[in-house]
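Trainee: When you get a sec, could you give me coordinates for this:
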Amino acid sequence: MAGPRGRLDAAAETTLIGRLTEARVTLVQAAARVPAIQAACLRSWDPWIHTGRVTGSVRRSLLIGAEGPEPFREDLRALHDRVGCPRRPRPQHGEPAAALAADFAALPLRPMWLIGQLSPVADTPDLAMARAGAERWLAARNAVVEALHGFVVALARRVPTWHVPLEDRIQAGALAVTVAIERFDPARGTRLTTYLGPVVERAMRRLGRKTPRSAALASPGRPTVWLAPSASHVDGGAPRAKGPRRGPRGVTLVTLDARGEHVPGSLAERLLDPAIPTPEDLAILTVDAARARAELGRLPPPEQEVLGLLFGLGDGEARRARAAGAVVGVSAATARRVRDCALDGRLHVRAVDLAAALGGVSMPDPLSAGVLLKLDVTIWTGSAALSAPDLGLDPASIAAHYTLGRKRLVPKHALDPVASVVRQARYALDSLSHPLPDGSRFVLETTAPEVEAQLRRGQARFEAVVTAFLEAYPVHRAEM
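Mentor: Just a heads-up that it's a prediction; the model follows:
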């Protein structure tokens, strides 16, 4: 059946379409027994309204009823000439309404057209059956529309009409679904969602063409959609050009909070996006945003500004690389490189602090195992800084900061092994320890030996990689 967010699977679709088809057959058969509806069908016959061409069965039906009431007879003669019947209506014995009922029931009549004809009809037993069939069909149709709500929302998010509010796109799609369901023929073997996809998308694109793009630029507190201003407001009262003028258009005010009849909720509740974040999702997003801002605070100010603009951490509006670079004063390519490096290379892990109060145990020698954790490697646009304070090297090498890229001819891939070791250590640390609010970490007593072994192996790999790097790119005191 349909999921909690309105997704419709194949089994649920088959069940709903079966109920809708059965209700339609019941409605058409009941309405075909009402003579007034037969007469209305003959008066306003339109192949487009009734979604079908005039078939041989219909032609034969139109030849019946020459002995019926006079208005009926005139309509039959007029329609007989239009559809090209081979001969004049032959007189038939029997009641015209009963004779036409079977053939009218076989016509592809639209249920909404039949329902519209029920209001002016006088109360009869046949009319009561037709109205019961109409209520049953409307209930089946509303169930299908409800089940397709998630499908409509997904299309509304995908159709490129971004200047139209999402609620308006959803409403246009829901109305298109309501109308198109009447024309769907399950006998053709096509799924309902496959048939409705282009129909709903065309309705949303049509709404996008009719909605002025200036509506998206309205300031808060002002209407987001308005009618086109008259010439007197545009040119300061100049006389209008000669030509046809449109009459005044009435404005219908619709409230989103009103409760409709036979509707489970208000229009605002029905237009809610099923993919809207829940309170739990918002709480998780808040925590993630706090972590992102904490990581951002460790970066230099220019990089903080670029990333804040790209990801919208300041005002909640994410900008493109070109716009963010224009604000900061760098090129779009530089802004993209800063973004990529921030997502890939900023690895800063503070020393492990095993808190005994939280169930942890202190390491015997945290400094000896903390070399890897104190590593601060930054890989940015053509530059990287490396500090390894506990490698046992001479003081000059320990205090050295390697500036790569423009100032020194060092290949960009020179620090790839170092970065790889740091990433592996970060993953191991995240899986075996727990972060504390002050940035330190604690390890449970049961996992402390495993953490210590991981740190020692990482320290050995790190020392080997950095030693190889120092041998390939030595630093002299004069260069410091």
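Trainee: Start and end of stretch 111-129, how far apart?
Mentor: Start-to-end span of stretch 111-129 (CA to CA, to the nearest Å) is 14 Å.
Trainee: And for stretch 21-40?
Mentor: Start-to-end, stretch 21-40 (CA to CA) is 23 Å.
Trainee: pLDDT of that stretch, averaged?
Mentor: Stretch 21-40 comes out with an average pLDDT of 78.
Trainee: ok, now stretch 165-180?
Mentor: Confidence over stretch 165-180 (mean pLDDT, whole number) is 87.
Trainee: Would you mind pulling the contact partners of that stretch?
Mentor: Applying CB atoms under 8 Å, 6 or more residues apart in numbering, the contact partners of stretch 165-180 are 141, 144-145, 148-149, 152-153, 155-157, 159, 161, 195-196, 199-200, 202-204, 206-207, 211, 224, 271, 273. Using the backbone N, CA and C atoms, a C-beta is placed for each residue, glycine as well.
Trainee: can you rerun that using 6 Å?
Mentor: Here stretch 165-180 makes contact (CB atoms under 6 Å, 6 or more residues apart in numbering) with 145, 148, 152-153, 155-156, 196, 199-200, 203-204, 207, 271.
Trainee: Among these, which one sits closest to residue 332?
Mentor: residue 156 (30.7 Å; CB to CB).
Trainee: Grab the nearest non-local neighbour of the closest one.
Mentor: Once flanking residues are discounted, residue 156 sits nearest to residue 169: 3.9 Å by CB to CB, 6 or more residues apart in numbering.
Trainee: what's the next secondary structure element after the one helix or strand residue 113 maps to?
Mentor: Assigned by DSSP states H and E, residue 113 belongs to helix 111-116. For helix 111-116, the succeeding helix or strand toward the C-terminus, using DSSP H and E, is helix 125-147.
Trainee: So which elements touch that following helix?
Mentor: helix 10-31 (3 or more CB pairs under 6 Å, 6 or more residues apart in numbering; DSSP states H and E).
Trainee: buried sites along the helix it packs on?
Mentor: Of all the residues in helix 10-31, those buried under the rule 16 or more other CB atoms under 10 Å are 13, 16-17, 19-21, 23-24, 26-31.
Trainee: okay, those residues in JSON lines with distance to residue 128 next?
Mentor: Converted to JSON lines, the buried residues of helix 10-31 look like this (distance: CB to CB, whole Å):
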{"residue": "13", "distance to residue 128": "32"}
{"residue": "16", "distance to residue 128": "26"}
{"residue": "17", "distance to residue 128": "27"}
{"residue": "19", "distance to residue 128": "21"}
{"residue": "20", "distance to residue 128": "22"}
{"residue": "21", "distance to residue 128": "23"}
{"residue": "23", "distance to residue 128": "16"}
{"residue": "24", "distance to residue 128": "18"}
{"residue": "26", "distance to residue 128": "13"}
{"residue": "27", "distance to residue 128": "13"}
{"residue": "28", "distance to residue 128": "16"}
{"residue": "29", "distance to residue 128": "14"}
{"residue": "30", "distance to residue 128": "9"}
{"residue": "31", "distance to residue 128": "12"}
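Trainee: between the residues you listed, which is nearest residue 335?
Mentor: Of the buried residues of helix 10-31, the one sitting nearest to residue 335 (CB to CB) turns out to be residue 13, at 46.5 Å.
Trainee: Just the local confidence number for the nearest residue to that closest one once chain neighbours are set aside, please.
Mentor: Excluding the flanking residues, the one nearest residue 13 by CB to CB, 6+ apart is residue 192, at 5.4 Å. As predicted, residue 192 sits at a pLDDT of 84.
Trainee: Residue 192: neighbour count?
Mentor: 23 (other CB atoms under 10 Å).
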